[in-house]
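Engineer: fold the following for me, if possible:
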Amino acid sequence: MESTYNRMKKFINNYCSDYSQYANDAETMPKMDQYWTPDFKAVAYFRRSSGEYPVVYPSRKDFQEFLIKTHHVIKDSMNPVDFIIDEKEKKVVIRVKIVKTNNQTAEKIEIDGMGCYQLVEAKGGNFMITRLDFMWEAPETIKNLGK
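Structural biologist: Numbering: from 1, shown residues only. Sure, this is the predicted structure:
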């Protein structure tokens, strides 16, 4: 039987791959429901022009709406670089390279980010994400990408 550590790492790798493929479009977003629990919550630790800090997405639907709105202009692709996996607490922290691409101009930038994923074990030994805390390079690094 595969170790919990390996299953958790494989789950996050699959998540990043599917996120890059499906979380950028309203039509394919429902495929991400296999990863986020119904009571999923996301917290973004970066400053925005609205001044809200941290930015809290209290539900899966709120997070999905945010992604659809922002990915309409800029597509994200996540590539995990480093992992810290806590089998007992079911937490995974990843450092990622994020490629942001302007959908109209194809201009790209690469930024660094980190995410802390709280997992639960679901039916059949699969995992799901209940909470995501994330941060990436200062938003001003991408503010002109969408213009």
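Engineer: what's the closest non-adjacent residue to Val92?
Structural biologist: Counting by C-beta to C-beta, 6 or more residues apart in numbering, Tyr117 is the residue found nearest to Val92 once chain neighbours are left out, at 4.6 Å. (Each C-beta comes from the backbone N, C-alpha and C, glycine too.)
Engineer: mind giving me the packing neighbours of the helix or strand hosting the one you found?
Structural biologist: For Tyr117, the host element (DSSP states H and E) is strand 108-121. Packing partners of strand 108-121 (3 or more C-beta pairs under 8 Å, 6 or more residues apart in numbering; DSSP states H and E): helix 4-22, strand 91-102, strand 127-136.
Engineer: want to throw these into CSV with mean neighbour count, mean pLDDT and distance to Ile68?
Structural biologist: Shown next, in CSV, are these (neighbours: other C-beta atoms under 10 Å; pLDDT from 0 to 100; distance: least, C-beta to C-beta, whole Å):
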stretch, mean neighbour count, mean pLDDT, distance to Ile68
helix 4-22, 17, 96, 11
strand 91-102, 18, 94, 16
strand 127-136, 19, 95, 16
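Engineer: assess the claim that Tyr15 and Tyr35 are in contact.
Structural biologist: Yes. Using C-beta atoms under 8 Å, Tyr15 is in contact with Tyr35, at 5.2 Å.
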